[in-house]
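Asks: starting from these lines, generate the structure:
(chains A and B)
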Number of protein chains: 2
Amino acid sequence: MTGHLIEPAIKALIESRNFTALHDLFVEWTPPEIADCIVDFPHEEQAIVFRMLPQTKAADVLEYLDHDAQVIVLKAMGSEAAAKILNDMSDDDRTRFLEELPPAAVTQTLALLTPEERRHAQTLLNYPERSTGRLMTSHFVAVRDDWTVLQVFDHVRKHGKDSETLNVIYVVDDGGKLIDDLRIRELLLRPFNTKIADIRDTRFVALRAADPAAEAAPVFRKYDRSALPVVDSDGRLIGIVTIDDVLDVIEEETTREVQKIGGLEALDEPYTTISLRRMIKKRATWLIVLFLGEMLTATAMQGYNSEIEKAAVLAMFLPLIISSGGNSGSQATTLIIRAMAVGEVGLRDWWKVLRREIGSGAWLGIILGVIGFVRILLWQSLHLYDYGAHFFRIALAVGFALIGVVLWGSVAGSMLPFLLRRCGLDPATSSAPFVATLVDVTGLLIYFNVALVVLRGTVL
Amino acid sequence: MTGHLIEPAIKALIESRNFTALHDLFVEWTPPEIADCIVDFPHEEQAIVFRMLPQTKAADVLEYLDHDAQVIVLKAMGSEAAAKILNDMSDDDRTRFLEELPPAAVTQTLALLTPEERRHAQTLLNYPERSTGRLMTSHFVAVRDDWTVLQVFDHVRKHGKDSETLNVIYVVDDGGKLIDDLRIRELLLRPFNTKIADIRDTRFVALRAADPAAEAAPVFRKYDRSALPVVDSDGRLIGIVTIDDVLDVIEEETTREVQKIGGLEALDEPYTTISLRRMIKKRATWLIVLFLGEMLTATAMQGYNSEIEKAAVLAMFLPLIISSGGNSGSQATTLIIRAMAVGEVGLRDWWKVLRREIGSGAWLGIILGVIGFVRILLWQSLHLYDYGAHFFRIALAVGFALIGVVLWGSVAGSMLPFLLRRCGLDPATSSAPFVATLVDVTGLLIYFNVALVVLRGTVL
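Replies: So this is what the prediction gives:
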């Protein structure tokens, strides 16, 4: 994509320890490019690169590294150099860095900041975890509505250097209350002597600092913005959130959703760096819950022990039948969880979904039922296996059980997210394994009861 | 979030058919707000609202509606009014609209456009489906490098009205080749008489029109941009892609990933509007594949029929044991698929992942194994069920089988995405149900073989 990256050359320079040439090269590079290049280097080499970089650039590059690399690089640089970089980091990225440190290290790190930056940093850390406030930067440009476009441009030229984005200018009143947001394009398209009061329309979209960060993403999508202002409970402008931080939030939320669907608690840490102990804890909880649920299959089967003793052939098809129900349930629940996540389906659509799932569940059941039925007749007639004298009835029992179990899987799998959401829980909790377990227990009852009806008087 | 929405009042106005008041109200609203408000109205009422709106605003609002609503509204408006709106739509949103129409309707719709807009629209439709070119808009601002900042601002004021974004200005040479991108902030921070040639650095990031749209998202994230230029194979600037379209692509790609993890083909259509027939087709394929795979359990069990006849108690724990393996496999495969999707894990990490999964699989297996073992002893000693004289050995067999099956599930589930990716396939194909089925068949073999060893000479 970027084309001008010359990674093999860099690697050679690193290997030959030619730091002068490396320095001359990196001067030309943008921070994300440098970060991208050194991301896979050993940490000591990363620290060496950092010491070569000018301070402001070092702070920029640091923002693009992951947390562990940040900690190691800062430690390797000594506290004076680290303090300079930390003071130079933009405050949203610094918050992200601080919030992942252990509490003692946070205090230590805050002490390295200048009083002003420390105050900024502490304010941001006071917002709840995963709230919009935590994504905020307080470097933005605010203007008054009696200014002209030219005055705004002059102000931006003088004070805009630190601003996270200049795409949008915010208009505030005397009390610091946000009264409008203006895109730069709106200013550029006007004569220089236009008053802001003549352009602004008091119509603006703002986020609230205490709201969950995940709620910011749909607002960005809806209004097609690259930055949004953040206000406190009194409507005062206290910061802005930029789209790059929201992209990170979207990715984190998707990871949480996917992991829940996979049947575990969200890790909330990268797979590669989470400790084995914490990962086992996150996985064991659900695995044990599912195991205890699945124990009901053993209990249910106790009731059919005599049937299995009479017709062991029934046990033979048990995994096939209950797993088919589990699979159709997984499909249905995943579809509904995702449709809910993107807002295609809401609570009130349950009846519409139920009708659809009865339709598809029945068809899918018939398809699998026919395949199962034919399979048994085929094996019997090809003498691949002998199901006994009543093979036709066994085939019928398996076929009908499949229809029932697949239909039930689709219905249960699709309705569970509604039920969970109705109870105020996250629909993604009805993970594929959870539905599979539920359908295993009930599918077993369906199977044995169908078998009892179809086979009564013959093998049973 | 927006605070100023007054939906109940709107609903009352619609119900009382007070169109004048409605018109006065909507004049004040932004297009996404209007779209959001009318999205749940019946389609006839949506068409009424559209006829009330000024043409440019109508085009803007239309861009925020979903495809079906767009078709119905345009049909209801008659071809002349529809033509005006279609010509006024921004070309990226129009491409999205056109690509979902049946081929005959595309031709019909293109005929409504002015020759210039038609040429634009056809060019964009010529790019492959789901490519970056399809997201492009050709309304951008390009300047030469001998211009001054003031000349650029004048140019923007005159020609920037149609531009999709003015956050970034593109510098091209005489042949239309992209030579730099400059953020507006870079211009705003300079004196007006600065030459572009003195600001530009020939360092820029561009997308290629023929590349998959999904590849654009990481570039936006990496470079924290709200718009990126698109070049053809000769490096000529042919359009720009804005972040709002990329957010849509991210959402679509996530939906595809989640649906694959759930064990079905990606629907590529909303759940609520896909036809039952097409949805059944997307679900049946994988369900049949899984069913045929799961049939191997029946075949495998044929080999253990005499054991089941001798000890029906073995069948009782079968679903419990194989589903535990399936669940741990689902967890592992989901974790790895997601870690691959966000780039945390690459092909070369397979060995590191394997070691982690052997560790967590063994621990998880021991946890479940102990619970299973204790459960059987408990039921026996509380006289809840009688597992016979050899209950202790049965408990041992179940416990050891659980350790083996859960360990195997974690290992198989985590390695499958690597294997698929190694073969050039999408790792998300190793869905939770797919891994569960694989582990069902192999888990059954583990279980019966453990049972044969532990129980030989007693019940078997």
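
Asks: quick check: phi and psi at the closest residue to A:Tyr170 other than its chain neighbours.
Replies: Spatially, and ignoring its direct neighbours in sequence, A:Tyr170 is nearest to A:Ala142 (4.7 Å; CB to CB, 6 or more residues apart in numbering or on different chains). To be clear about C-beta, it is placed using only N, CA and C from the backbone, and glycine gets the same treatment. Phi and psi for A:Ala142, reported as degrees, to the nearest 10, are phi -120, psi 140.

Asks: what's the burial count for A:Ala142?
Replies: Residues contacting A:Ala142 under the criterion other CB atoms under 10 Å in any protein chain shown number 16.

Asks: pLDDT score for it?
Replies: Looking at A:Ala142, its pLDDT reads 86.

Asks: tell me the contacts of it?
Replies: Taking CB atoms under 8 Å, 6 or more residues apart in numbering or on different chains, we find A:Ala142 in contact with A:Ile169, A:Tyr170, A:Val171, A:Val172, A:Leu237.

Asks: any idea how far A:His155 is from it?
Replies: Separation of A:Ala142 from A:His155 (CB to CB, to the nearest Å) stands at 9 Å.

Asks: and A:Val171, by the same measure?
Replies: Distance of A:Val171 to A:His155, computed by CB to CB: 12 Å.

Asks: identify the contacts common to the two.
Replies: Jointly contacting A:Val171 and A:His155 under the rule CB under 8 Å, 6+ apart are A:Val143.

Asks: so what's the backbone phi/psi at A:Leu65?
Replies: phi -90, psi 160.

Asks: next, the contact list for the residue nearest to it when sequence neighbours are not counted, please.
Replies: Nearest residue to A:Leu65, sequence neighbours excluded (CB to CB, 6+ apart): A:Ala35, at 5.6 Å. Applying CB under 8 Å, 6+ apart to A:Ala35 gives the contacts A:Val61, A:Glu63, A:Tyr64, A:Leu65.

Asks: so where do the strands sit in the stretch 251-400 of chain A?
Replies: For the stretch 251-400 of chain A, no strands are identified by DSSP state E, counting those that start in this stretch.

Asks: where does the residue nearest to A:Leu65 fall, secondary structure wise?
Replies: helix A:31-38 (DSSP states H and E).

Asks: quick check: mean pLDDT of that helix?
Replies: 80.

Asks: name the next helix or strand downstream of it, please.
Replies: Following helix A:31-38 in sequence, per DSSP H and E, is helix A:43-52.

Asks: packing partners of that following helix?
Replies: For helix A:43-52, the elements it packs on are helix A:19-28, helix A:31-38, helix A:55-63, helix A:67-77, judged by 3 or more CB pairs under 8 Å, 6 or more residues apart in numbering or on different chains; DSSP states H and E.

Asks: so for that helix, mean pLDDT?
Replies: So the average pLDDT for helix A:43-52 ends up being 76.

Asks: excluding its backbone neighbours, what's nearest the residue of the stretch 101-250 of chain A found nearest chain B?
Replies: Residue of the stretch 101-250 of chain A nearest chain B, by CB to the nearest CB: A:Ser226 (3.3 Å). In space, A:Ser226 comes closest to B:Ser226 once its chain neighbours are excluded; the distance is 3.3 Å by CB to CB, 6+ apart.

Asks: check A:Gly361 too.
Replies: Per CB to CB, 6+ apart, closest to A:Gly361 is A:Ser410, 3.0 Å.

Asks: look up how far A:Val27 lies from that neighbour.
Replies: For A:Ser410, the distance to A:Val27 - CB to CB - is 61 Å.

Asks: neighbour count winner among these two?
Replies: Using other CB under 10 Å as the criterion, A:Ser410 and A:Val27 rank with A:Ser410 on top: 30 against 11.

Asks: A:Lys310 is in contact with A:Arg456, isn't it?
Replies: No - in this structure, A:Lys310 is not within contact of A:Arg456 by CB atoms under 8 Å, at 11.3 Å.

Asks: those two - which one has more neighbours?
Replies: A:Lys310 (15 against 10).

Asks: so where's chain A shaky on pLDDT?
Replies: Within chain A, the segments meeting pLDDT under 70 span A:1-9, A:11, A:14, A:160-166, A:460.

Asks: so it: which segments form each domain?
Replies: Annotated domains of chain A cover A:7-126, A:142-250, A:276-455 [automatic domain parsing].

Asks: deepest of these, which one?
Replies: Of all the domains of chain A, domain A:276-455 has the most neighbours on average by mean count of other CB atoms under 10 Å in any protein chain shown, namely a mean of 21.

Asks: quick one: end-to-end distance for that domain.
Replies: End-to-end span of domain A:276-455 (CA to CA, to the nearest Å): 50 Å.

Asks: do stretch A:108-121 as well
Replies: The first-to-last residue distance of stretch A:108-121 comes to 13 Å (CA to CA).

Asks: how distant is that stretch from the center of its chain?
Replies: From the chain centre to the centre of stretch A:108-121 is a distance of 31 Å (CA atoms, centre = their mean, to the nearest Å).

Asks: which residues touch it?
Replies: By CB under 8 Å, 6+ apart, stretch A:108-121 touches A:Ser79, A:Ala82, A:Ala83, A:Leu86, A:Asn87, A:Asp91, A:Arg94, A:Thr95, A:Leu98, A:Leu101, A:Gln122, A:Ser138.

Asks: helix or strand right after the helix or strand that contains the second one?
Replies: When secondary structure is defined by DSSP H and E, A:Ala82 falls within helix A:79-88. The C-terminal neighbour of helix A:79-88 among helices and strands, as given by DSSP H and E, is helix A:91-99.

Asks: tilt between the strand or helix carrying A:Gln151 and helix B:149-159?
Replies: Secondary structure from DSSP H and E places A:Gln151 in helix A:149-159. Interaxial angle, helix A:149-159 versus helix B:149-159 (axes from the mean of the first three to the mean of the last three CA atoms, to 10 degrees): 130 degrees.

Asks: report whether helix A:149-159 contacts chain B.
Replies: Yes - shown here: helix A:149-159 in contact with chain B (CB under 8 Å from any CB of the partner chain) through A:Phe153, A:Val156, A:Arg157.

Asks: which one of those is nearest to B:Arg134?
Replies: Among these, A:Val156 lies closest to B:Arg134 (CB to CB), at 35.4 Å.

Asks: so what's the closest one closest to, chain neighbours aside?
Replies: Closest to A:Val156 by CB to CB, 6+ apart is B:Leu188, at 5.0 Å.

Asks: okay, the one you found and B:Asp154: tell me how far apart.
Replies: 15 Å.

Asks: and what of A:Arg421?
Replies: Distance from A:Arg421 to B:Asp154, by CB to CB: 55 Å.

Asks: count the neighbours of the closest residue to chain B within the stretch 151-300 of chain A for me.
Replies: Nearest residue of the stretch 151-300 of chain A to chain B, counting by CB to the nearest CB: A:Gly262, 2.4 Å away. Using other CB under 10 Å, A:Gly262 has 31 other residues around it.
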